[in-house]
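Student: What would the 3D arrangement of this be:
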Amino acid sequence: MKNYFSKYITIILLFIIISCSSTKEIFDAEKSTFKTIDEIEPRIISLEGEISERKSEISGLCWFNDFLLLLPQYPNFLTKNENGIIYYIKKGEINNYLFSNASNVISPKTFKIDLSDLDKYFNEGSGFEGISVIDNKIFLTIESMKNGEMQSLIISGDIDSTNKTISLDKNSIKNIPVSAEIFNLSCEAIASKNDTIIPIYEANGKNVNPNTFVNIFNNNLEIQEKINFPNVEYRITDATIIDENGKFWAINYLFPKDGKKLIPAEDQLFIRYGTGKTHRNSKAVERIVEFELKNHKISITDKQPVYIKLLENDSRNWEGLAKLDEKGFLVITDTFPQTIFAFIPYNFSYLPEK
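Tutor: Got it, this is the predicted structure:
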């Protein structure tokens, strides 16, 4: 019995070593052999107030009319009670900062959000992750951790733009079926259009989630359909709205230490398009990828990914993404390495030569 147990442990250790070695070999091979493509350096937008501090932990962006909503993972991080806040910035302020001679720091204002009876979702490892708005109705995903078990949830509510308040319907909370169960991972992104809400699980790599799918909810949070989602390595941390052609973009991010958890397979986007100059010398990945909803499935489009120029000695956990009209993207990090709000200029009509 003892010898059998020892052999069993040896096999497990060998599997772990081989898995880690394979992951490293994949990283090294990809970075050294693929062609180099352009990267875009983010233009920092200065924020002031509590939101500029790491503790604000912003986890999502979306538009509500001409207000850019910035979602803290814990909206009550300032008060620790039943009342919380979600930040907003007017589009005009952002445009003035980026495209005029104005150099003022932006100070976001707030919507008050009632968190009554939701306190159990704001413990360590839980909290809000994704955000989307359709008309005056808001949808938020919740990462819920209870006794070490992960659960992805979605809740809806109403926005009062006059009084700047958000009321959530605790009775609307629904479970989001997911195609994998990985510790501390959940549905961090929502792609939406009209009455279609699509929460997206963050780990869709071939080795950890080979049979990926997403659920399509209506605005009453009833599941209408389950459809295929493509394998894409690393994490999906936020998504834009779905446009009239069924296209949307998503943040695709890898924190180097997550390699052991995500066990990345060959990166098909590296193989197809190449990788950025700073990416060749780093195990981090910071890019924005375009997807398409068509014929009852989601696929990656032919658009070359947008690679963000990396920091020299650190990586940025981009958790918020929104388009700024046809000018580019707005992105924001959570606590790592600090709160960074930035603009990524991009020509959406651009198609690289193949």
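Student: Next, the contact list for residue 158, please.
Tutor: In this structure, residue 158 makes contact with 136, 137, 138, 166, 167, 169, judged by CB atoms under 8 Å, 6 or more residues apart in numbering. Just so you know, the C-beta spots here come from the backbone N, C-alpha and C atoms, and that holds for glycine as well.
Student: export the one helix or strand it maps to as CSV, just CAs?
Tutor: Using DSSP states H and E, residue 158 falls within strand 149-160. These are the backbone C-alpha positions of strand 149-160, laid out as CSV (Å, rounded to 0.1, in the frame of the first residue of the first chain):
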residue,chain,number,x,y,z
GLU,A,149,-16.2,27.2,-4.2
MET,A,150,-16.7,29.6,-7.1
GLN,A,151,-20.0,30.8,-8.5
SER,A,152,-20.7,33.3,-11.3
LEU,A,153,-23.9,35.4,-10.7
ILE,A,154,-25.7,38.2,-12.5
ILE,A,155,-28.0,40.8,-11.1
SER,A,156,-30.0,43.6,-12.6
GLY,A,157,-31.3,47.0,-11.5
ASP,A,158,-32.5,50.4,-12.5
ILE,A,159,-30.6,53.7,-13.0
ASP,A,160,-32.1,57.0,-12.1
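Student: which parts of it are buried?
Tutor: Buried residues in strand 149-160, counting neighbours by 16 or more other CB atoms under 10 Å, are found at 150, 151, 152, 153, 154, 155, 156, 157, 159.
Student: Now do stretch 171-190: distance from first to last residue.
Tutor: End-to-end distance of stretch 171-190: 20 Å, with CA to CA, to the nearest Å as the criterion.
Student: Also stretch 248-265?
Tutor: Between the opening and closing residues of stretch 248-265 there is a gap of 24 Å (CA to CA).
Student: ditto for stretch 79-96
Tutor: Distance across stretch 79-96, first residue to last, is 32 Å (CA to CA).
Student: Report the two of the buried residues of strand 149-160 separated the most.
Tutor: When CB to CB is used, the two most widely separated members of these are 150 and 159, lying 28.4 Å apart.
Student: Report the buried members of the contacts of residue 158.
Tutor: Burial by neighbour count, judged by 16+ other CB under 10 Å, picks out 137, 138, 166 from the contacts of residue 158.
Student: Nearest to residue 97 among the buried residues of strand 149-160?
Tutor: The shortest approach to residue 97 among the buried residues of strand 149-160 belongs to residue 159, at 24.3 Å (CB to CB).
Student: For that closest one, which residues are in contact?
Tutor: Residue 159 makes contacts with 64, 111, 133, 136, 137, 138, 165, 166, as judged by CB under 8 Å, 6+ apart.
Student: again, 7 Å this time
Tutor: With contacts taken as CB atoms under 7 Å, 6 or more residues apart in numbering, residue 159 has the following neighbours: 64, 133, 136, 138, 166.
Student: Any idea what it is bridged to?
Tutor: The residues paired with residue 159 through beta bridges, assigned by DSSP bridges, are residue 166.
Student: what about it, distance to residue 145?
Tutor: With distances defined as CB to CB, to the nearest Å, the gap from residue 159 to residue 145 amounts to 27 Å.
Student: Next: residue 179.
Tutor: In terms of CB to CB, residue 179 sits 19 Å off from residue 145.
Student: Same check on residue 63?
Tutor: Here the distance between residue 63 and residue 145 works out to 29 Å (CB to CB).
Student: Also residue 225?
Tutor: Residue 225 sits at a distance of 28 Å from residue 145 (criterion: CB to CB).
Student: can you map out the strands along the stretch 201-350 of the chain?
Tutor: Secondary structure of the stretch 201-350 of the chain (DSSP state E, counting those that start in this stretch): strands at 213-217, 223-228, 235-239, 247-254, 275-276, 285-294, 297-300, 306-308, 318-324, 328-333, 341-345.
Student: Can you tell me which of the ones you listed is most buried?
Tutor: Mean neighbours per residue, mean count of other CB atoms under 10 Å, is largest over these for strand 235-239, with a mean of 26.
Student: Could you check the angle that strand makes with strand 328-333?
Tutor: When axes from the mean of the first three to the mean of the last three CA atoms, to 10 degrees is applied, the directions of strand 235-239 and strand 328-333 differ by 120 degrees.
Student: Please read off the pLDDT at the residue nearest to the spatial centre of the chain from the model.
Tutor: For the chain, residue 237 is the residue whose C-alpha lies nearest the centre (CA atoms, centre = their mean; 1.4 Å). The predicted local distance difference test score for residue 237 is 98.
Student: ok, it - contacts?
Tutor: Contact criterion CB under 7 Å, 6+ apart gives 188, 189, 202, 251, 253, 318, 319 as the residues in contact with residue 237.
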